[in-house]
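Asks: What follows is a predicted structure for the sequence shown.
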Amino acid sequence: MELFDIKLINFQDLGELFFRFLFNVSVVFIIIRFLYYPIRKRKDYLFTYMLISSVIFLLCFLLDNVKLEIGFALGLFAIFGIIRYRTLQIPIKEMTYLFLVIGISVINALSNKKISYAELFLTNILLIIVPFILERLMLLRHESSKGINYEKIELIKPENREKLIADLQERTGLVINRVEIGKIDFLKDSARVNIYYYEQTNKENLADDLASSSGGDDD
């Protein structure tokens, strides 16, 4: 049956859409939930990545018959590149995962009959293994940052850098790796200071402090 020269249902195409969509969502979920989230703890990006992946997949899959294929896929990356510069600044790691999510969705949607399912599965598995190796096995430490409005403007001088870091560590309770001086307001005697620290290092220090406190209480 047809309506306006369009089939009401095509069971073969519908089955392929459902299978590919479920496979794509599963792969993206594994990467985002079990690789990205345990380290970054950003629930807002979980929503963003899953939704973008679903939209990109369906968009590519349904428009695949238009024969845009490679040019269309590259156009999507260009569009998101433009959007990236017109929105709030996104950390580079989040942008990397966004690129990964889009890439996986495009691959799963546009792979044609010339590509076997074995090749498609292997490609997706590799795109899971590589981030896993980088995040977990190679133990790459993630450097986080915070922006602080700082009032001791005399400490922002280069010769007082050690005193600045010591004061910031005492106030924040963080082991600071480095600092950057941003906007300076001499009228208000304040400056914008960006501090950078390793989350894992601070978690280990916190655990040691708690253990020491527990030991002291027992005595």
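Replies: Received, thanks. Numbers count the residues shown, from 1 in each chain.

Asks: these two touch, right, Cys60 and Ser105?
Replies: Yes. Counting by C-beta atoms under 8 Å, Cys60 sits close enough to Ser105 to count as a contact (6.9 Å). (Each C-beta comes from the backbone N, C-alpha and C, glycine too.)

Asks: For these two, indicate the residue with more neighbours.
Replies: Neighbour totals were compared for Cys60 and Ser105, and Ser105 leads with 27 against 22 (other C-beta atoms under 10 Å).

Asks: How is this structure partitioned into domains?
Replies: As recorded under automatic domain parsing, the domains making up the chain are 2-137, 143-218.

Asks: which ones are touching Glu16?
Replies: For Glu16, no contacting residues are found, by C-beta atoms under 8 Å, 6 or more residues apart in numbering.

Asks: Quick one: the helices in this protein, in order.
Replies: Counting by DSSP state H, the segments of the chain that form helices are 11-31, 37-40, 43-62, 69-85, 92-110, 117-132, 161-172, 199-218.

Asks: CSV please, covering these and showing mean pLDDT and distance to Asn149.
Replies: Formatted as CSV, the entries for the helices of the chain read as follows, by pLDDT from 0 to 100; distance: least, C-beta to C-beta, whole Å:
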stretch, mean pLDDT, distance to Asn149
helix 11-31, 89, 36
helix 37-40, 79, 25
helix 43-62, 86, 24
helix 69-85, 58, 26
helix 92-110, 86, 24
helix 117-132, 91, 35
helix 161-172, 90, 12
helix 199-218, 50, 21
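
Asks: Alright, I will stop here.
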